[in-house]
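K.L.:
Generate coordinates for the sequence data below:
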Amino acid sequence: MLERWTRAVVRVRLAVLVCWLIVLGAGSYASTQLPGLLSNSFTVPGTDSARAQTLLTRGFGERTDGTFTVVFPVAHPSDRATRAHARQRLRDAAEAVPTGRAGELQQGPGLLYGSVTTRLALQHAKRYTPAVRRAVGTGALVTGQPAIQHDLDPILAADLRRGEAIALPIALIVLLVVLGFSLAVAIPFLFAACTITGTLAAVYLIAHLVPVVSYVTNLVELIGLGLAIDYSLLIVYRFREELSRGDSCDEAVVRTMDTAGRAVVFSGLAVAIGLAALLFVPVPFIRSMGIGGVLVPLASIAAALTLQPALLSLFGRRVGRRRERPVDVSGGFWARHSRAVMSRPAAYLAVGTVVLLGLAAPALFLRLTPGSFSGIPGFPESMRGYALLRDRVGAGAVMPTEIVVDGARPARPAIARLADELFHDPEVLIVASGTRPPYVDATGRYARVFVAGRHEYGARRTRSLVQRIRSTLVPAALFPAGTRVYAGGAPAQGVDFLARSYGVLSWLVLAVLALTYLVLLRAFRSAVLPLEAVLLNLLSVAAACGILVVVFQWGRGLGEIEGWVPIVLFATLFGISMDYEVFMVTRIRESWDHVHDNTRAVAHGLERTGRIVTAAAVIMVAAFSGFVVGRVAGLQELGLGLALAILIDATVIRLVLVPSLMAVLGRWNWWPAERRQ
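P.N.:
Okay, here's the model as predicted:
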């Protein structure tokens with residue numbers, strides 16, 4: 001079927017190229033418009049924090065994630081004239097935002113601050129940050145979730161450019177080393193440009209329908225860059241090998257797609273399965289990253305089946321020939337290495353396993369946070385405003401917990417008891433409640449209590465406070481029967497985010513393992529090899545998490561890893577690391593079918609794929625290093641985890657564990673097609 005498809009594509013190659021040029025143009029435009037639609041929101045539907053948000057919008061006409069905080073550094077915060085001037089500027093700021101309302105002016109050491117509440121969702125509210133800043137004038141600092149998100153967007157864009165400035169030159173050098181100075185080098189870059197822009201165009205359309213996180217652009221471009229160049233390189237490399245046999249160019253294209261192209265399809269499916277699992281996590285933040293992530297391999301598969309054969313047919317022999325050299329399983333680095341490992345497989349297997357388990361051990365001490373402002377650069381205005389409030393008032397003043405009561409009239413004594421208990425809690429900095437607006441709505445049905453903690457919204461102590469409110473303090477306040485009480489705001493969203501995300505993690509892992517096994521079962525035509533691949537990939541993911549703990553929790557002293565990182569890391573790594581497994585084992589399988597000698601098949605497979613798989617891994621590591629040079633901690637954690645896991649996969653696993661394990665299992669590798677004799 002793939003052979004017929006390739007011949008059809010070759011016949012209409014010019015039409016195929018025109019279609020991809022249209023995709024390239026549309027995607028380039030979409031990429032410039034996309035940031036305005038993105039935001040990082042930890043809202044989790046169906047949780048207490050989401051219900052609290054619904055009641056706040058219904059009763060008070062505001063959203064916690066659409067609230068600005070304006071900070072006025074002043075010498076004499078108690079001065080009447082100073083307070084009146086600040087209050088007027090706060091009202092001016094509220095008028096600059098649709099549905100905006102000025103909150104009460106609060107006082108702290110050397111400053112005044114107040115909120116501008118809105119009914120706007122975060123991705124819409126952030127667009128009014130410049131208008132709010134113009135309205136308050138100079139000398140004031142605008143912070144809060146919308147302003148922080150607004151200031152984060154250009155940082156992410158600049159970090160992406162820095163990452164590309166590292167990844168692209170390294171990719172070019174690797175391609176020149178592998179392919180030489182020929183037109184073949186241009187094909188992977190054309191392939192990557194089309195797949196990345198095509199993916200961004202799809203994300204742009206989806207972002208109009210569902211919330212999408214700001215990190216998606218970086219995720220798509222850097223993962224897409226590594227994946228696309230790898231896929232294209234592997235196909236081009238095989239095409240040059242097929243050209244050396246002397247047949248026509250189009251026949252070489254057909255044979256290439258029937259071998260390397262088929263491997264790319266299975267590899268892309270493995271990546272897509274891993275990332276598609278994120279779509280089933282009932283958390284919009286992670287689900288939207290899954291949307292962007294799963295579109296990357298799907299676009300790469302589509303381009304591999306259409307654009308790649310069209311480009312190969314168009315470029316033809318101008319990509320240069322690869323001189324065919326006979327494989328001597330007794331000579332050549334990769335063959336010698338294979339024979340060395342397979343001569344003492346049990347020892348190599350034991351040492352490699354111990355190394356990976358040692359790297360994975362620190363993962364037992366993994367501590368998670370839903371998010372942290374300490375991971376964002378401190379130079380933007382929003383972060384300077386936050387730092388001023390944090391240092392002079394308390395970190396919880398920017399994003400307090402809001403306890404919302406539905407059925408406020410008969411519950412007033414209980415609300416008073418709750419506020420009194422909160423006042424005596426050691427983690428609570430400020431408690432604000434009352435019987436008039438803004439603490440009670442116009443109908444008197446809804447009431448709320450503001451609770452500002454001493455630490456920022458994602459800190460462990462803040463999460464403990466939210467859990468005490470829900471499990472102990474609210475029940476102890478003895479609310480009347482039928483009264484509904486919910487803890488909302490950013491701290492409560494963080495608690496619900498972690499609980500909901502990791503509540504489904506075990507099912508997510510099992511689903512990915514099962515589906516990946518089935519895909520590889522079809523690719524390898526063996527029941528044993530897919531199981532080997534799944535187990536080894538689990539080891540590499542665990543090792544990556546262990547290294548993250550050492551570097552970020554212990555080394556940089558962050559104390560906690562952002563909660564979304566291990567989940568996205570697992571889904572991404574489990575798919576991407578399958579790439580090299582598919583390419584290497586597929587080639588070993590080809591050799592086995594010809595010689596039916598396990599040692600010779602592994603040596604031949606490593607000889608044919610070792611160099612190119614190593615080159616592909618270097619490109620992927622370079623692409624993921626683009627995250628590491630950024631300035632946002634969450635993306636740094638993801639990038640370092642991905643880069644190191646691919647490095648481990650291409651060295652310890654591919655060079656040591658795979659050949660040694662295949663040697664130990666012998667003919668069982670090919671069961672049930674080949675039974676042990």
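K.L.:
what separates Ala93 from Ala310, distance-wise?
P.N.:
55 Å (CB to CB, to the nearest Å). Any C-beta I mention is one placed from the backbone N, CA and C, and that applies to glycine too.
K.L.:
make that Asp153, sorry
P.N.:
36 Å.
K.L.:
Neighbour count for these two, which is higher?
P.N.:
Counted by other CB atoms under 10 Å, Asp153 and Ala310 do not tie: Ala310 has more neighbours, with 24 against 16.
K.L.:
any idea which element that one lies in?
P.N.:
helix 307-315 (DSSP states H and E).
K.L.:
ok now that helix, how far from the chain's centre?
P.N.:
32 Å (CA atoms, centre = their mean, to the nearest Å).
K.L.:
what packs against it?
P.N.:
helix 2-11, helix 13-33, helix 186-207, helix 216-243, helix 249-256 (3 or more CB pairs under 8 Å, 6 or more residues apart in numbering; DSSP states H and E).
K.L.:
same thing but at 6 Å, please
P.N.:
If you count contacts as 3 or more CB pairs under 6 Å, 6 or more residues apart in numbering; DSSP states H and E, helix 307-315 packs onto helix 2-11, helix 13-33, helix 249-256.
K.L.:
now the longest one against helix 186-207, angle please.
P.N.:
Compare the direction of helix 13-33 with that of helix 186-207 by axes from the mean of the first three to the mean of the last three CA atoms, to 10 degrees and you get 50 degrees.
K.L.:
I'd like to know which elements helix 13-33 is packed against.
P.N.:
helix 186-207, helix 307-315.
K.L.:
Can you list the buried residues in the helix or strand just after the shortest one?
P.N.:
Going back to what we said before, that points to helix 307-315. Remark: after helix 307-315, the chain's next helix or strand is helix 333-343, criterion DSSP H and E. Buried residues in helix 333-343, counted by 16 or more other CB atoms under 10 Å: Trp334, Ala335, Arg336, His337, Ser338, Arg339, Val341, Met342.
K.L.:
Just checking, which of the residues you listed comes out lowest on pLDDT?
P.N.:
For the buried residues of helix 333-343, the weakest pLDDT value sits at Ala335, with 69.
K.L.:
Thr138 belongs to a helix, doesn't it?
P.N.:
No - Thr138: not assigned to a helix; according to DSSP: H, G, I helix; E, B strand; the rest coil it is coil.
K.L.:
any idea how far it lies from Arg89?
P.N.:
When Thr138 is compared with Arg89 (using CB to CB), they lie 10 Å apart.
K.L.:
Can you name the element that comes right after the worst-scoring helix or strand of the chain on mean pLDDT?
P.N.:
When each helix and strand of the chain is scored by mean pLDDT, DSSP states H and E, helix 333-343 comes last, with a mean of 77. Once the chain leaves helix 333-343, the next helix or strand it forms, by DSSP H and E, is helix 345-360.
K.L.:
Show residues contacting that next one.
P.N.:
Outside helix 345-360, the residues within contact range by CB atoms under 6 Å, 6 or more residues apart in numbering are Val341, Leu539, Ala542, Ala543, Gly546, Val652, Val656, Leu657, Ser660, Leu661, Ala663, Val664.
K.L.:
and the residue nearest the centre of the chain, what does it touch?
P.N.:
The centroid of the chain falls nearest to Val568 when counting by CA atoms, centre = their mean (5.0 Å). The contact partners of Val568, taken as CB under 6 Å, 6+ apart, are Met289.
K.L.:
circling back to that earlier point, the buried residues of helix 333-343 into CSV, with extra columns for distance to Ala360?
P.N.:
Below are the buried residues of helix 333-343 laid out as CSV (distance: CB to CB, whole Å):
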residue, distance to Ala360
Trp334, 27
Ala335, 31
Arg336, 30
His337, 25
Ser338, 26
Arg339, 29
Val341, 22
Met342, 25
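K.L.:
deepest of the helices and strands packed on helix 307-315, which one?
P.N.:
Neighbour counts (mean count of other CB atoms under 10 Å) averaged over each of the helices and strands packed on helix 307-315 peak at helix 249-256, with a mean of 21.
K.L.:
what angle sits between that helix and helix 13-33?
P.N.:
Using the same axes, to 10 degrees, helix 249-256 lies at 60 degrees relative to helix 13-33.
K.L.:
Give the next helix or strand downstream of helix 249-256.
P.N.:
Helix 249-256 is succeeded, C-terminally, by helix 262-276 (DSSP H and E).
K.L.:
counting contacts, what elements does that next one pack onto?
P.N.:
helix 284-305, helix 505-524, helix 564-595.
K.L.:
Could you pull out the buried residues of the shortest one?
P.N.:
Burial within helix 505-524, assessed by neighbour count using 16+ other CB under 10 Å, is assigned to Leu508, Val509, Val512, Leu513, Leu515, Thr516, Val519, Leu520, Ala523, Phe524.
K.L.:
roughly how far out does it sit from the chain middle?
P.N.:
20 Å.
K.L.:
Show me the shaky parts of the protein.
P.N.:
The chain contains residues with pLDDT under 70 at 320-332, 335, 578-579, 673-677.
K.L.:
Figure out how far the longest helix seen in it is from the centre of its chain.
P.N.:
If you go by DSSP state H, the chain has its longest helix at helix 145-179. The chain centre lies 15 Å from the centre of helix 145-179; the measure is CA atoms, centre = their mean.
K.L.:
Next, the angle helix 216-243 makes with it.
P.N.:
Going by the same axes, to 10 degrees, helix 145-179 makes 10 degrees with helix 216-243.
K.L.:
and Pro98, which of the three is it?
P.N.:
Going by three-state DSSP: Pro98 is coil.
K.L.:
Now do the phi/psi pair for it.
P.N.:
Dihedral angles of Pro98 (phi, psi; degrees, to the nearest 10) stand at phi -60, psi 130.
K.L.:
That one - how many residues pack around it?
P.N.:
The burial count for Pro98: 12, using other CB under 10 Å.
K.L.:
Mind listing what's buried along stretch 418-426?
P.N.:
Buried-residue list, stretch 418-426, by 16+ other CB under 10 Å: Leu418, Ala419, Glu421, Leu422, Asp425.
K.L.:
To clarify, my last question referred to stretch 552-572.
P.N.:
Of the residues in stretch 552-572, those buried (16+ other CB under 10 Å) are 552-553, 558, 560-572.
K.L.:
Quick check: the farthest pair among these?
P.N.:
Among these, the pair separated by the greatest distance (CB to CB) is Leu558 and Ala571, at 22.4 Å.
K.L.:
about what we covered before: just the buried residues of stretch 418-426: which are in helices?
P.N.:
Those of those lying in helices (DSSP H): Leu418, Ala419, Glu421, Leu422.
K.L.:
Between these, which sits nearest Pro480?
P.N.:
With CB to CB as the yardstick, the closest approach to Pro480 among those comes from Leu418, at 12.8 Å.
K.L.:
wait, what's in contact with the closest one?
P.N.:
Ala477.
K.L.:
do that again at 10 Å, thanks
P.N.:
Counting by CB atoms under 10 Å, 6 or more residues apart in numbering, Leu418 makes contact with 403, 405, 411, 431, 433, 449, 451, 469, 473-474, 476-479, 485.
K.L.:
Just the buried ones from those residues?
P.N.:
Looks like the contacts of Leu418 have 403, 405, 411, 431, 433, 449, 451, 469, 473-474, 477, 479, 485 buried, using 16+ other CB under 10 Å.
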